[in-house]
Structure formats: C-alpha cells, structure tokens
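Return atomic coordinates for the entry below.
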Amino acid sequence: MAHSQPSRRALPLILIRGFGGVGVEDERRIAYQGFNDGTVYPRKRGENYIYEGLILRFMKSDWQYRDATNIVGYYSGVVDVALDLPAILQGFDAQYFTGHRIVIDPAMALNLVTSKSDLCKTLWVFRYYDLDDRRFVAYGEALVRLISFIRDLASFKASDQPKPKVNILAHSMGGLLVREAIQVTYPQQNQQASDHINKIVTLGTPHQGIAFQFLQEWIKLDAQEELERFNPAFQRDEPAKTGRGKNKYKKNEAAFIYLKDHFPLERLLTVVGTNYRTYSVSIASWMNRLFSVTGEGGPAYNRSDGLVKQSSAQIPGAYRTFVHKCHGGHDSLVTSREAYEIATRFFFGNMRARLRLVEAKIQRGGDWFGKSEYFFGVSVKPRQVDFELFHQSPEAENCYGPFSKADLTDPLTDFTWADPPTRLIWEGFLDASKLGPDPDRGGIVDMVIRIDIYVGERDKYGVGFSDNVIFRKQYYLRAVLGDQLTLFRHTGEQFMQKEAQHGKYVSKEDDKTEVTASGWEFPVGGTGFTATLGLELDYIPEDGFGLPLRDRIAAAGPRGVEGKSAMPSPSSEATIPGA
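Presented below is the predicted three-dimensional model:
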C-alpha cells in the first residue's frame, strides 16, 4: 500500500489528552484538558526555570496561535436544527453544522474563515470526553470528522494550496484513540489515514496494554469497552485470552500489531516515560513492579512511568525516545518541556541522527559471589537547550541490558533495535534551520550535541557490591560546515574557547572523527571501558524522505544550492518552533 509523503511544514496540530478514569467531569471543566499546564524546574534559572505548558509555549514561539477550541461541539444526541448559513460557509458540507452528533459552531467557523490567521498554525484540543459516549467507535468517528473539517477549512482559506494534513500529539489513551481512527474508522470509510494525518507523537500511550488489566474486575469501573483497549491480550489480538474462542474469532483490527498495515511507522514517535517514583498513584507503581512482563527482570525492576511499562509504550518499528518523567501530574510527560522539545523536532526538524554502538569492551568489574549484570546507557542534549532529548540512567532503570558478556553483545528482549548487527542506541531529530554563520565563532556554521555515556554493574541477587559505576563521561559532538562537513569529538567544551592568535573558536585535528561509508566513527572510554560509536546524519527536506547529509553536501557543493549553505540555514523554516 503506497502512502503519501511526510512533511515538516507547519500543519494544524491536534492535542488529545488521556484516560480520565471512572468519571470525566473534571476533564470537562478544564478548557484545554491540561495542555496549558507546565512545571517549575527548581534547579534551573532563566528561561529554563519555568515551562509554561504546551499551548502557552506555542503561543510564545513564532507559531501564530489561534484559539479554535470552541468551534466543535460534541453531543449525546443528533443535533438537527435548521440553519441559514452565511454565503461564505455554504461551500462546506451542511452536515458539519447540523444532522450529526459532532457539529461545528457556525459563528466560530465564520470567525475563522474571515480571519487573517494562518490555519496551518492552529492548535485544536480534541475534547472527546464531551461526547458522553464511552466507546472507541464514537471517538474514532469524531476524530476523523474533526480532521476533515480542519482540512476543509484550511483548504478554503488557501484554495491555491494542497489540502494540508494534520499533526497529532496524544497523551496516554489519546494515542489509542488515534489508532482507532487509523486502523478502524478510516478503513471503514475506504480511506487511508496517511492521506489525512502527517505525523503522530504519543506520550506514555499503553500501545501494548497495561500489565494489571485485571484490576477492572476488582473495582468494577464503568466504561468497560474503553478499559478493554488497555488489555495486553486485546492489543496482541490473542482471542483465547480475551474470551473470543476459535469458533468466534474475528481479526481485531485495533490491535497494535496491525498498525503497520495502515500507517507508516516512520511517521510515529513514541515518547516513553521512566520516572515511576514521582507518579502520584502509588498502587499503579507497586503493581507494575509486582506484575513485570516477560523479559523485564522480574520484581527487581520497575521499568515504567508509574502506570505504563516502558516496553508497552513502544511499537516495534516506530521511533522511540526516553524521558525521565512520570505518566501524569505536575511534572510529567504531558507537562514537561522535554515533551515539547522532542515533539516539535519530530514534527518540524530538518535533521535525523542515529547513534550506533560499533564495538565495546568492559575491562573491570565482575562479582565473584553474586550474579553480575552490566548496563549501558546514553543521554543526549543539544546545545542551548537545557533539557535532554533522550535519557537513560540507573535511576530510570532503562539502560540497555542486562548484559552478561563483556563486549555487550547479548540480545536485548526489550530493546531489539539495539541488538547486533544494527546496535542502534539512539535515533532522534534535530532542527538546524536557525543555524547560520556566527560572528562569535569566526563565522562558522556548526551544531553541537552532548552525549552522556554510562556503564554500570549490579548484582542481581544482592550479594556483594551493587550499582557499581564502571564508566561515566560526557562527550561533545560538533558538526562543522566548511568546504565539507566535518565531525569533531570533544572531551570537553574546548570548542567554546577562543584561540588567542586568531580570535576565533577552533577544533584540533586530533578531535576529528573517522569518516565511514555511512557516517562517522569515534572512540570513547577510559579506565574500565572502551568503545567505538558511529553517528549518521540525514537531511530531511520540507516534503519527502531523508537523504544522508554528506550526500546532500556533495551534490550541492560546500555552499549549497544558489549560494546557500548546505547545512540547513535561516529561512522561512525559522518560523517553526523547536530549534
């Protein structure tokens, strides 16, 4: 099945909040369902001290925010009223405004049509709880209807442009709702979701279910059909475990294993939370430890965001990143700046990076009395942003491992993408659109990311030492564009120091990385650990798929096309948030 091409242009953005529990009255009373909530970082200062929330952050960026929340109404029954629509709205399908349970307010629609705002830069909060119908089929139909109206509205405003798709940012159950639209609703309407939806970011969505689904039998919650979507057996389409025997079996199209048949997985990013300790619902954290799924090390670990297992928040084949935040609350996946920084780079970023573990060797440690387990982790932070785009640590319990071999070649049950031969340890997106020659750096165009590497050891049985740090060190990778793209590996911030004679920033020849067929390789290590890492960089055009950045430079020349730098430079792209 052929899919349309992805885009990193500005597109309408739909925000969808997660499961509200037994009752949804609290969600209904909150205008933006918590997407305006942020958090305070007490150990940071300046711009990094307060994060204002997703909606307010967009408003303070170059994004031209337009409040469109009030335009859509959701009702428990069909709204059938006679309307005398203004002439300017008569080109729209009349059922947008009447004869349906999800209807558009004509006054708000008229306001949007006649305004000068760019509808490709609008935020929409999908208030599906207002439907008062706790069924996924209703949610899917409502979302598809909203997407259709947004696209028609934007196309009406810019009739000379192709009808835009939408981007979606969904938290928790909101991600399951999006999959309902993609895997069930659109196919039932003989449509392909990728023609309507551009990219999706999910925050802590239990794509593969929640391990303690049987809790609903204890507390007898309402909305059983909603809760069934959290059942791991449902998501794996296991009829024997969901009461659908062989004689009654019918393929469950909503299972996560079938998403790849309906939507390109490279247009989905799953953000995985790891800080179960700060999740306020303590029983969920305790149950996640007690009922660990296969391959997660048993009760010695709690690899979760407090509610959703790290492995369950991912979909094989889709992008994933780790954030040390809990599932919900004042400092969570949905209220943290990390979510904003990661999502905007995925939606609008013009570079994709892949970091691979080429080879490794642990040269110390080993518990003679217990059972030693080795762990390897990285954290990634770009320059000028005091927040990580990818986080692994012993506290997060999400480092690659446990390994028993000193060369770290054991297969990884939960992290199969990091298995040999690919050994992909980080894949993420960057936005270099605002980079240009910097006078303070001698007119150099460059980009810097910090890599924090951790290697540790623990005794699984608690005999002898525990949580032994074998190696920990930070490195700075600096891509510099001159006559060609050169990658430097620094052990400190030497590149921030000026050379006395020339008065500009310099990089030593010894810090250059080795050029390979696919990118660059560089050594890391010290006492107790040595390794070789490989980095690949792709350039992502405004429309279409990525191209290795070195190939783009080779084709365009050192100054790019029409005198522009081959490294993405300031342009109209700078109006997109997420630098």
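
Which of the helices and strands in this structure ranks last by mean pLDDT?
helix 215-219 (a mean of 44; mean pLDDT, DSSP states H and E).

Start and end of stretch 157-170, how far apart?
The first and last residues of stretch 157-170 sit 26 Å apart, counting by C-alpha to C-alpha, to the nearest Å.

State the mean pLDDT of that stretch.
Across stretch 157-170, the average pLDDT comes to 87.

what does stretch 8-28 give?
So the average pLDDT for stretch 8-28 ends up being 78.

Repeat that for stretch 251-267.
Stretch 251-267 comes out at a mean pLDDT of 94.

Same check on stretch 238-245?
Averaged over stretch 238-245, pLDDT sits at 60.

Please apply the same query to stretch 177-195.
In the prediction, stretch 177-195 has an average pLDDT of 96.

So for that stretch, first residue to last residue, what's the gap.
End-to-end for stretch 177-195, by C-alpha to C-alpha: 18 Å.

where along this structure do the helices fall?
All helices of the chain, identified by DSSP state H, fall at 25-29, 54-60, 106-114, 136-157, 173-180, 186-188, 215-219, 224-228, 232-236, 282-290, 337-348, 549-556.

Least confident of the ones you listed, on average?
Looking at the helices of the chain, the bottom one is helix 215-219 with a mean of 44.

Find the nearest non-adjacent residue to residue 101, please.
Spatial nearest neighbour of residue 101, chain neighbours left out: residue 75 (5.2 Å); criterion: C-beta to C-beta, 6 or more residues apart in numbering. In short, each C-beta sits where N, CA and C put it, glycine included.

tally of neighbours for the one you found?
Per other C-beta atoms under 10 Å, the neighbour tally for residue 75 reads 14.

on that earlier part again, nearest to residue 167, of the helices of the chain?
Of all the helices of the chain, it is helix 337-348 that lies closest to residue 167, at 5.2 Å by C-beta to C-beta.

was I right about residue 88 contacting residue 114?
Yes: the criterion here is C-beta atoms under 8 Å, and residue 88 meets it with residue 114 at 7.2 Å.

What is the burial count for residue 98?
Should you count by other C-beta under 10 Å, residue 98 turns out to have 16 residues around it.

who touches it in this structure?
Neighbour list for residue 98: 79, 80, 81, 82, 83 [criterion: C-beta atoms under 8 Å, 6 or more residues apart in numbering].

Stretch 317-324: how far from the chain's middle?
Stretch 317-324 sits 6 Å away from the centroid of its parent chain (C-alpha atoms, centre = their mean, to the nearest Å).

From the opening residue of stretch 262-270 to its closing one, how far?
OK, stretch 262-270 end separation, C-alpha to C-alpha: 17 Å.

Quick one: residues in contact with it.
3, 6, 182-183, 186-187, 192-194, 197-202, 205, 207, 259, 313-315, 317-321, 342-343, 346.

Would you list the buried entries among those residues?
When the contacts of stretch 262-270 are checked for burial by 16 or more other C-beta atoms under 10 Å, the buried set is 6, 182-183, 186, 192-194, 197-202, 205, 207, 259, 313-315, 318-321, 342-343, 346.

now, which of those lie within strands?
197, 198, 199, 200, 201, 202, 319, 320, 321 (DSSP state E).

any chance of these in CSV, plus distance to residue 128?
What follows is those, written out as CSV (distance: C-beta to C-beta, whole Å):
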residue, distance to residue 128
197, 16
198, 20
199, 20
200, 16
201, 18
202, 15
319, 25
320, 25
321, 26
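
Closest to residue 59 out of those?
Looking across those and measuring by C-beta to C-beta, the closest to residue 59 is residue 201, at 19.0 Å.

can you pull up the bridge partners for the closest one?
residue 169, residue 269 (DSSP bridges).

contacting residues for it?
167, 168, 169, 170, 268, 269, 271, 342, 343, 346, 347.

for residue 274, same thing?
303, 304, 305, 310, 322, 323, 324, 325, 391, 396, 397, 398 are the contacts of residue 274 under C-beta under 8 Å, 6+ apart.

out of these, who has the most neighbours?
residue 305 (35 neighbours).

quick one: the closest residue to that one other than its chain neighbours and residue 360, what's the gap?
Spatial nearest neighbour of residue 305, excluding adjacent residues (C-beta to C-beta, 6+ apart): residue 273 at 2.9 Å. Distance, residue 273 to residue 360, using C-beta to C-beta, to the nearest Å: 27 Å.

out of those two, which sits in the more crowded spot?
Under the criterion of other C-beta under 10 Å, the comparison of residue 273 against residue 360 puts residue 273 first, with 32 against 22.

partner residues bridging that one?
residue 323.

Go ahead and confirm it touches residue 327.
Yes: counting by C-beta under 8 Å, residue 273 does reach residue 327; the two are 5.7 Å apart.

shared neighbours of these two, which are they?
204, 305, 306, 308, 333.

And for the fourth one, the neighbour number?
Here the count is done by other C-beta under 10 Å, and residue 308 has 30 residues near it.

Setting the sequence-adjacent residues aside, check what's closest to it.
Closest residue to residue 308 in three dimensions, ignoring its sequence neighbours and counting by C-beta to C-beta, 6+ apart: residue 206, at 4.6 Å.

Please name the residues that touch the one you found.
Neighbours of residue 206 in contact, by C-beta under 8 Å, 6+ apart: 172, 173, 176, 230, 235, 307, 308, 309, 312, 313.

between the residues you listed, which is closest to residue 428?
Using C-beta to C-beta, residue 313 comes nearest to residue 428 of these, at 16.3 Å.

Based on its surroundings, how many neighbours for the closest residue to that closest one other than its chain neighbours?
Closest residue in space to residue 313, ignoring its immediate chain neighbours: residue 272 at 4.4 Å, by C-beta to C-beta, 6+ apart. Counted with other C-beta under 10 Å, residues neighbouring residue 272 total 27.

circling back to that earlier point, and the residue nearest to residue 308, what's its pLDDT?
Value listed for residue 206 in the pLDDT field: 93.

do residue 220 as well
42.

Residue 354 too?
For residue 354, pLDDT reads 96.

contacting residues for the nearest residue in space to it that is not next to it in sequence?
Distances taken as C-beta to C-beta, 6+ apart place residue 536 nearest to residue 354, at 4.4 Å, with adjacent residues excluded. Contact partners of residue 536, counting by C-beta under 8 Å, 6+ apart, are 353, 354, 356, 518, 519, 520, 548.
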